[in-house]
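what follows is a predicted structure for the sequence shown.
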Amino acid sequence: MYDVIVVGGGAAGLSGALALVRSRRSVLVIDDGRPRNAPAGHVQNFLTRDGTPPSEIYALGREEVAGYGGEFATGTVTEVRRGDVFTVELADGTSYQGRRILVATGLTDLLPDVAGLAEQWGKDVLHCPYCHGWEVQDQAIGVLATSPMAVHQAQMFRQLSDDVTLFLHTGPDLTDEQWEELAARQIAVVQGKVEQVEVMDGKLTGVRLEGGKVISRDVLTVQTTLRAKASFLTGLGLEVTAQEAAGVVYGDALVVDAKGETAVPGVFAAGNVTDPMGQVLQAAGAGLRAGAAINGDLIAEETRLALAARGS
């Protein structure tokens, strides 16, 4: 029996766990060892840790949590059941019980269906100018359009390089205004569908259009579909909600209140599973907030039980 079971050992989960163990709560962190940013070589925009490999940040976090008595288990959670307490089931049949749950499982990036993208993902197939922009500055950057957001993405990367090309691919037709804006900033536009990425010696060298034409590029940016890793919560009645920006659905997420609590009392969530656009530092902050809220929730419960035992 644990005070809190944290599902997910990334920045949000470890940050929440740290706040809880420092409040002398018994905490178990369950992680499957497959963080979203595993393909990335470094974490950026994390104050004092900019450029640190994600695996190093997580290893340091685990060490800190363990130093205050936190425990860890490796596995994939398949179900959470609610009774007097919560029961967490793992794929290998192991189960644990906890008074509260913190979900910090993150999300999965679904890539566009273009041959070769997956193999280069996190290297020279990228998605975020804030995560990777400085590292690809002044390179030949391609933007693969799959939604209306591609024009905005092209404008963002134009801040980082004079050589940006927008591949219309499966994206919508551009408006007259968009054509003018792209031309004004000297962003090239290529019509036609991209068939595959070209790679030599492990590095992206360009994209091949249907018909065989190859256009050289050093980097290709894409828009992924962001899917929250929360299917194990359906037995509690928790479902993800579609997320959209400028009228475009870009993924889904768990809905939580300002404290990080879901619609099921006692189940909290933080990080990319609730905020698909958040970076690592934001996830860590959300985990800390949720951890503090869980501790407060437990204190309130313990106070009610103490009053009842006293007969007040």
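Nice, I can see it.

residue ranges in the protein under the pLDDT threshold?
By pLDDT under 70, the weakly predicted segments of the chain are 312.

show me where it has helices.
Shown for the chain, the helices assigned by DSSP state H span residues 11-21, 54-67, 117-120, 129-132, 150-158, 176-184, 280-310.

and these: which comes nearest His42?
When the helices of the chain are compared by CB to CB, helix 54-67 sits nearest His42, at 7.6 Å. C-beta coordinates here come from the backbone N, C-alpha and C atoms, glycine included.

what residues of that closest one count as buried?
Pro54, Ile57, Tyr58, Gly61, Arg62, Glu64, Val65 (16 or more other CB atoms under 10 Å).

correct me if wrong: the first one contacts Asn37.
Put plainly, it is Pro54. Yes: counting by CB atoms under 8 Å, Pro54 touches Asn37, with 4.7 Å between them.

tell me, what's touching those two both at once?
In terms of CB atoms under 8 Å, 6 or more residues apart in numbering, Pro54 and Asn37 are both contacted by the residues Val43, Val280.

so what's Val249 closest to, chain neighbours aside?
Ala242 (5.1 Å; CB to CB, 6 or more residues apart in numbering).

burial count for the one you found?
9 (other CB atoms under 10 Å).

need the winner for burial among the helices of the chain.
Mean neighbour count (mean count of other CB atoms under 10 Å) peaks for helix 11-21 among the helices of the chain, with a mean of 29.

who touches it?
Under the criterion CB under 8 Å, 6+ apart, residues 3-4, 6-7, 27, 29, 31, 57-58, 61-62, 64-65, 68-70, 102, 104, 106, 268, 270-273, 280-281, 283-288, 290-292, 294-295 lie in contact with helix 11-21.

same list (the helices of the chain) but as CSV, adding distance to Glu198.
Below are the helices of the chain laid out as CSV (distance: least, CB to CB, whole Å):
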stretch, distance to Glu198
helix 11-21, 34
helix 54-67, 28
helix 117-120, 10
helix 129-132, 20
helix 150-158, 20
helix 176-184, 24
helix 280-310, 31
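
out of these, which gets nearest to Ser95?
Checked against CB to CB, the stretch from the helices of the chain lying closest is helix 11-21, at 19.0 Å.

quick check: angle from the closest one to helix 54-67?
10 degrees (axes from the mean of the first three to the mean of the last three CA atoms, to 10 degrees).
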